[in-house]
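Asker: mind looking at a prediction? Sequence and model below.
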Amino acid sequence: MSFLLKANSQSFSSEIDLPISKSIANRMLMLKALCKTEVDSIEEAPNDVHIFHKALITGKDEIDIQDAGTAMRFATAFYSLEKGSKKIFGTQRMHQRPIHPLVDALIEWGADIQYLEEEGYPPLEIRGQELHGGIIKIDAGISSQFISALLMIAPLCKSTCTIVLEGVQASRPYIDMTIKMMQLFGVEVDQYKNEFKIFPAKYKDFNLKIEKDWSAASFYYLLCALSKECVFHFPGLVSDSIQGDKSLKDIFRPLGVSTMEEKGVLYIKKMADREGHIDVIDFSNHPDLFLPVITAYAGLGKDIQFEGLYNLHLKESNRLEAMIYNLKQINAILSISGNTGSLITSVLPERASFRSFDDHRIAMSMAMMSVVLKEVELDQIDVVAKSFPNFWKEMKALEFDIE
């Protein structure tokens, strides 16, 4: 089944109800679980958060993590410490996403984990027990979630834990977020260059107010860039955020989107004069911004070069191959070589048919192209619930037609 999307205007003014940050919410759930603090529920949370919450409180021996990558990594670490046996599995795509760097590190700390199918990939069987800790080395370029998972359980190991990051560090702001939240829950992490040391300690429960999601805001920055005029207000979005994706404020400025604050509420506005220029965009620290940013350049007919594409092929979809396909539908050429790439644009067609590839961020990015095309066809729309359950409700409020 396919869906047709049409924008009835290129001018927008609205208050946007963004979802909470699933990155913050999932870390909070993990830390509260390590405190042995029960969390009844998190209202109006993205699906990924509900999946992880259920995984932490289930009494069942088997856990279906579905397509929630953070939940898979965090639950693997959590149940390595918890007495009892758990089998953790997910979707077909989840079983194609490597987990061996995390599993290898946990085994070095004394965990009992077995692969149930292909070596190095979920599903897993975990027999929880006390972990002795120690020094481990881990490739920092595959997933920051591996490192965050290890950091959060490290204080509960029997002896001091040292985590040494090797190679290029991808998504470093997510590691910094984890460390800041650990500090809020009473545990310090000693850092020296690429090395983290965590001493045995007990977490202290902390009541955390979860920020709104900067990653979700990126799609409205994209919409604003493609529009003729726009003003979007974001209640609950924090300027001084612990989220690394707040950097989109700077990335979208050369595309004519300015970020301002009035009476404590952040808002963005389309400006006639663009501020600054970017020759090469580095996505190393914010890979989730690749999709809306590259879509913005394509929709505006602007060529761009970029780097830092270390783990985009390991996300909910292979986002590099997916965008090569989708941008080809609008006569744009996306070329990738290793961790670098370039976009060469051309004249936009009147209509285009895009695929979501079962990926929430691709679906939301491609939907915004309906601002500059007469009509957009999209094969899936329900996938957005993973991170932004109310996305289509917000789009309809902006007078987009969805048939």
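Answerer: Perfect, I can see it now.
Asker: how close does the closest residue in space to Gly338 that isn't next to it in sequence sit to Ser2?
Answerer: Distances taken as Cβ to Cβ, 6 or more residues apart in numbering put Leu309 closest to Gly338, at 7.8 Å, once the chain neighbours are dropped. Using the backbone N, CA and C atoms, a C-beta is placed for each residue, glycine as well. Distance of Leu309 to Ser2, computed by Cβ to Cβ, to the nearest Å: 29 Å.
Asker: can you check Met260 too?
Answerer: 38 Å.
Asker: one step back: which of Leu309 and Ser2 has more neighbours?
Answerer: Taking other Cβ atoms under 10 Å, Leu309 and Ser2 do not tie; Leu309 has more neighbours (21 against 12).
Asker: tell me where the stretch 51-200 of the chain is predicted with low confidence.
Answerer: Residues of the stretch 51-200 of the chain meeting the criterion pLDDT under 70: none.
Asker: please repeat the previous calculation with a cut-off of 90.
Answerer: 59, 139-143, 167-171, 193 (pLDDT under 90).
Asker: ok, the closest residue to Lys374 other than its chain neighbours to Leu4 distance?
Answerer: Closest residue in space to Lys374, ignoring its immediate chain neighbours: Glu350 at 4.8 Å, by Cβ to Cβ, 6+ apart. As for Glu350, its distance to Leu4 is 13 Å (criterion: Cβ to Cβ).
Asker: what's the overlap in contacts for those two?
Answerer: Glu375 (Cβ atoms under 8 Å, 6 or more residues apart in numbering).
Asker: ok, these two, which is more surrounded?
Answerer: Neighbours of Glu350 and Leu4, each counted by other Cβ under 10 Å, are more numerous for Leu4; the result is 14 against 7.
Asker: where's the nearest residue to Ile333 once chain neighbours are set aside relative to Ala352, distance?
Answerer: Distance criterion Cβ to Cβ, 6+ apart; nearest residue to Ile333, sequence neighbours excluded, is Ile344 at 4.5 Å. Relative to Ala352, Ile344 is positioned 17 Å away (Cβ to Cβ).
Asker: just the helices in the stretch 301-403 of the chain please.
Answerer: Listed in chain order, the helices of the stretch 301-403 of the chain (DSSP state H, counting those that start in this stretch) span 319-328, 360-367, 391-397.
Asker: export the ones you listed to CSV and tack on distance to Glu377, mean neighbour count and mean pLDDT?
Answerer: Converted to CSV, these look like this (distance: least, Cβ to Cβ, whole Å; neighbours: other Cβ atoms under 10 Å; pLDDT from 0 to 100):
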stretch, distance to Glu377, mean neighbour count, mean pLDDT
helix 319-328, 11, 20, 96
helix 360-367, 10, 27, 96
helix 391-397, 15, 16, 95
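Asker: just send these back as a markdown table, with distance to Thr340 too.
Answerer: Listed next are the helices of the stretch 301-403 of the chain as a markdown table, based on distance: least, Cβ to Cβ, whole Å:
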| stretch | distance to Thr340 |
| --- | --- |
| helix 319-328 | 11 |
| helix 360-367 | 21 |
| helix 391-397 | 31 |
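Asker: which one of these lies closest to Phe283?
Answerer: helix 319-328 (10.4 Å; Cβ to Cβ).
Asker: which strands and helices lie in contact with that closest one?
Answerer: Helices and strands touching helix 319-328, by 3 or more Cβ pairs under 8 Å, 6 or more residues apart in numbering; DSSP states H and E, are helix 290-299, strand 333-337, helix 360-367.
Asker: quick check: end-to-end length of stretch 109-126?
Answerer: 14 Å (Cα to Cα, to the nearest Å).
Asker: now stretch 202-219
Answerer: 39 Å.
Asker: same question for stretch 336-352.
Answerer: End to end - Cα to Cα - stretch 336-352 spans 22 Å.
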